[in-house]
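[1] Sequence first, predicted model second:
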Amino acid sequence: MQDAIAISAKIPTINAAFDRIRNRHDPIDPRDNLNHAANYLYMLTGKIAEPVKVDALNTYLILLADHGMNSSTFTARIVASTWSDAYSAVVAAICALKGPLHGGAPGPVLKMLQDIGKPDRAEEWIRNELKSDRRLMGFGHRVYRTTDPRAQILKQIAEKSADKDLVELAKKAEEAGVRVLQEYRPQRKLYANVEFYSAVVMHSVGLPPDLFTATFAASRSVGWTANILEQATNNRLIRPQTEYTGPMDRKVVPINAR
């Protein structure tokens, strides 16, 4: 339990210290009179953030703390099942999270919105991306076949914390993205996922894009460590079986005959 608490406390502290050091500033210690989200923003900037910014980040951190047996959580449980330590399990989970198909999408989503620039350019930009066979980040989910409910909440948070022009741009991009994706891939039912409006919310509180995934990890560390503790309580090594379905009865050709 102590390791779980320490991990959830240390990740935002490490994120903030890293960002300050690379910008030639000294790291800042957390304050006892600030909550988790407020301290994160304080350690990044050295200033106490506005309540609307703290509330936005706090809502984000709560919403993304856990979400079923996703790739990174499953990775954490696999490592924990070997009786490895909690820190190793979380490091493995982070490695899974950073992939663009899991937690690495918010940064590219913000770049997409910046590239679109204006709401009336959204549909044309999206069509060009799909025609070029490039993936549209922030859309689609392995579980949901409708709008990710977490995205709906984050959209409401963004309306309070983010620049109005950026929110309007995001809404138009979401509408255009859903419409064009249904036209191109009607069988897929692709809608905005949590990472779409996560990008807007994290940008609104002042986080740089390359800390978006690291902040996702700060949130999800709570869920990871809860799963690690659960795995350890009644452990059984996770060892899936596989079935070979490839070619059979193949003859080996000697190396000198190949």
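    Done, it's in. Numbers count the residues shown, from 1 in each chain.

[2] only C-alpha atoms for contact and neighbour calcs from this point on.
    OK.

[3] how near is the residue nearest the centre of the chain to Arg239?
    In the chain, the residue lying closest to the centroid (Cα atoms, centre = their mean) is Gly103, at 2.9 Å. According to Cα to Cα, to the nearest Å, Gly103 and Arg239 sit 25 Å apart.

[4] do Asn128 as well
    Using Cα to Cα, one obtains 43 Å as the distance from Asn128 to Arg239.

[5] same check, this time on Asn58
    According to Cα to Cα, Asn58 stands 36 Å off from Arg239.

[6] Looking at these two now, which is surrounded by more residues?
    Between Asn58 and Arg239, Asn58 has the larger neighbour count (other Cα atoms under 10 Å), namely 17 against 9.

[7] Assign that one to helix, strand or coil.
    Following DSSP: H, G, I helix; E, B strand; the rest coil, Asn58 is assigned to helix.

[8] Does the closest residue to it other than its chain neighbours lie in a helix or a strand, and which?
    Among residues not flanking Asn58 along the chain, Ala37 sits closest, at 5.3 Å (Cα to Cα, 6 or more residues apart in numbering). Following DSSP states H and E, the helix or strand that holds Ala37 is helix 36-45.

[9] can I assume Pro119 is in contact with Glu168?
    Yes - under the criterion of Cα atoms under 8 Å, Pro119 lies in contact with Glu168, with a separation of 7.1 Å.

[10] When these two are compared, which one has more neighbours?
    When neighbours are counted by other Cα under 10 Å, Pro119 comes out ahead of the other of Pro119 and Glu168, with 18 against 14.

[11] one step back: the residue nearest to the centre of the chain: what secondary structure?
    Here Gly103 is coil, with the state taken from three-state DSSP.

[12] Ramachandran angles for Phe139?
    The phi and psi torsions at Phe139 (degrees, to the nearest 10) take the values phi -130, psi 140.

[13] mind checking how far it is from Asp66?
    Separation of Phe139 from Asp66 (Cα to Cα): 19 Å.

[14] ok, these two, which is more surrounded?
    A side-by-side neighbour count of Phe139 and Asp66, using other Cα under 10 Å, places Phe139 first with 22 against 18.

[15] Is it correct that that one is in contact with Tyr191?
    Yes - applying Cα under 8 Å, one finds Phe139 in contact with Tyr191, separated by 5.2 Å.

[16] Give the residues shared as contacts by the two.
    Common neighbours of Phe139 and Tyr191 are listed as Gly177, Val178 (criterion: Cα atoms under 8 Å, 6 or more residues apart in numbering).

[17] ok, back up a step: around the nearest residue to the residue nearest to the centre of the chain once chain neighbours are set aside, how many other residues sit close by?
    Taking Cα to Cα, 6+ apart, and ignoring the residues beside it in sequence, Gly103 has Leu97 as its nearest neighbour in space, at 4.8 Å. Neighbours of Leu97 under the rule other Cα under 10 Å: 24.
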